[in-house]
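Participant: Okay, sequence plus prediction incoming.
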Amino acid sequence: MSDLIRRDPRAEWIARNRLHPLHAALQESPSSWMGPNGVVRKNPHGQGFIGPSGLKRIDRSGASGGAPGRETSRGRAQAAAEVVLPLFTLAEPAFYILVVPDMVGGRLSSHDRDLLGLARSLAGESGAVLAVVFGEHKESAFDLNGVDRLLQLDGGEYAGYAPEQQVQALAAVEREFNPRHWLLPDSRSGGGELGRRLAALLGERPATRVWQVKDGQCIGRAGAGRQDLARPTPRLILAAAECAEPVTDRRHEVRAVTLQHAVPRGLPRIEDLGAVTVDPAAIPMAEAEFILSGGNGVKDWALFHRAAAALGATEGASRVAVDDGFMGRDRQVGASGTWVTARVYLAVGISGAIQHLQGIGACDKVLAINLDPGCDMIKRADLAVIGDGAAILEALIARIAAHRQGGARDVA
C-alpha cells in the first residue's frame, strides 16, 4: 500500500465541526510541550489508538501507528473509521416524510443525499424519512444518509421508462402512509417529471427548484434562474441540488416496509423501446455522466481520442491543453470553463490547478492517471494510478476490446 497521504474532505469538515460526534477523534493533540517553568510536559491522552471494539489501546512499541504520542493522518483516519456513529431508531413515527430519490445507476447520487438531508431536517426527532425505490438497487449506505424506512417496489412494470406506473405506485403510498411532505429531486434524471406527474394526480401545487426550506418557507429559483421565489412550504417539494447538507452525524434504522394493498395496473400508454445510442461528443459537458479529460501530460492525443471512443466517454480537457490547441474551448473543464457534474471523471495527465478542481467539485467519482504521485489531482482522486498515461490507456483499450469480444462469444 502506498504511503501517499490523501486528503479526506469529509474528515476535514468533521475536524472543523465541533458538534459532530467524530470531532474529538480527528483532533491532533501534542504529545509533549515545554511548560512555563521549563519542564517538559507529556500528554497522557495522546498515546494509543482506538481498537476494533471502540476501546483505546496503548502500544508503546510504535507498531500500531508511529511512535508513542505521535498520530499520523492515516492513524487518525483509521480511528475515525472505527468509531461507530450513534444509531437513531424510531418505533412509532408521528408522521412521514416521503423521498423518491433518482438512484441513477442503482446508487444515491449527491443530489439524492442532499434531498435526504432536507428530509431529515423536516422530519426532526419525531418524524420518519421513508425512501421509495423502484426496482433493484446497489446502495448499501441508506443508514448513513438519514433513511428510517425503506420501501422497495419490485416488478417488471417499473423497469425502464415507466412514469405512469410509478405514479400509480406513489398514489398507493400516499393512501397508506399519508405523508406530511413529498420530496423529489428536480432533475433531468426522472425526478422532475415524476414529481410533476405526481402533483397533477394528487391535486397539489408543487414548489420547484427549491434550494432552501426554513421556518415554514421555501425558496426556489425563478425567472430563468435570476430570481428567488419564496412561498409557504407545500406538501410536494421538487428540490434542487445542494438544497441541504447531507446527513453525517448518525446512523438510521432503515427498516423495510411494504404496501398492504396491491398497486393497480393501469393501461400502459407509454412503451419503452430501450436506450438510444448517443454520440458522447454530442453531449454537453455539463450534462455528461462519464468524462475522460486530458491535460498537459497527454502526449499522444490520437490515442486519447481512441480511448474516449472505446470507453464511450465525453472528452474534456484542462485549460493548458485547450490553450495549446489540442481541444476546443467548449471542452475546457474548470472554474474558467465548464463546471461538470459527471458520475465518473477520469483525468489523464492533469496536475490539478485550483480552478480545475473547483470545476469537478460536484463529480461523484474522480479517477486520476499521472506520473506525479504528489500532485493535487492525485490527492483529490478517489482512485489514482501512478504511471505513464499512454501505456495505461493502451492497456485499457485492449482490456475493453477483450471484454467486448468475450461478451459477444457469450451471446453467441
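Facilitator: Alright, I've got the coordinates. Residues are numbered from 1 along each chain as shown.
Participant: quick one: buried residues of stretch 369-377?
Facilitator: Across stretch 369-377, burial judged by 16 or more other CB atoms under 10 Å covers Ile369, Asn370, Cys375, Asp376, Met377. No exception for glycine: its C-beta is placed from N, CA and C like everyone else's.
Participant: ends of it, how far apart?
Facilitator: Terminal residues of stretch 369-377 are spaced 9 Å apart (CA to CA, to the nearest Å).
Participant: And it, how far out from the chain middle?
Facilitator: Centroid displacement of stretch 369-377 relative to its chain, using CA atoms, centre = their mean, to the nearest Å, is 23 Å.
Participant: Offset the numbering so it begins at 33, please.
Facilitator: From this message on, residue numbering opens at 33, which makes the last subject stretch 401-409.
Participant: ok, and what's touching that stretch?
Facilitator: Applying CB atoms under 8 Å, 6 or more residues apart in numbering, the set of residues contacting stretch 401-409 from outside is 34, 36, 329, 378-386, 388-389, 398, 400, 410, 416-421, 424-425.
Participant: And the residue nearest the centre of the chain, how close does it get to Ala239?
Facilitator: The centre of the chain sits closest to Ser142, judged by CA atoms, centre = their mean, with a distance of 3.5 Å. Ser142 is 21 Å from Ala239, where distance means CB to CB, to the nearest Å.
Participant: next one: Tyr190
Facilitator: Taking CB to CB, one finds Tyr190 at 26 Å from Ala239.
Participant: Tell me which of the two has more neighbours.
Facilitator: Each of Tyr190 and Ala239 has its neighbours counted (other CB atoms under 10 Å); Ala239 has more, 24 against 16.
Participant: what are the bridge partners for the more buried one, then?
Facilitator: Beta-bridge partners for Ala239, by DSSP bridges, are Ile269.
Participant: was I right about it contacting Ile269?
Facilitator: Yes. With contact defined as CB atoms under 8 Å, Ala239 and Ile269 form a contacting pair (5.2 Å).
Participant: shared neighbours, the two?
Facilitator: Overlap of the contact sets of Ala239 and Ile269 (by CB under 8 Å, 6+ apart) consists of Cys250.
Participant: what does the longest helix along the chain contact?
Facilitator: Ranked by residue count under DSSP state H, the longest helix found in the chain is helix 421-443. The contact list for helix 421-443 (CB under 8 Å, 6+ apart) reads 329-332, 335-336, 338-339, 342-343, 380-381, 401-403, 417.
Participant: mind listing the helices for the chain?
Facilitator: Under DSSP H, the chain gives helices at 41-48, 105-114, 142-155, 195-209, 223-234, 333-343, 351-355, 386-391, 408-412, 421-443.
Participant: which parts of the longest one are buried?
Facilitator: Right, helix 421-443. For helix 421-443, by 16+ other CB under 10 Å, it's Gly421, Ala422, Ile424, Leu425, Leu428, Ile429.
Participant: I'd like these as TSV, with distance to Asp175 and pLDDT appended.
Facilitator: Listed next are the buried residues of helix 421-443 as TSV, based on distance: CB to CB, whole Å; pLDDT from 0 to 100:
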residue	distance to Asp175	pLDDT
Gly421	39	93
Ala422	43	94
Ile424	36	95
Leu425	38	95
Leu428	35	94
Ile429	39	94
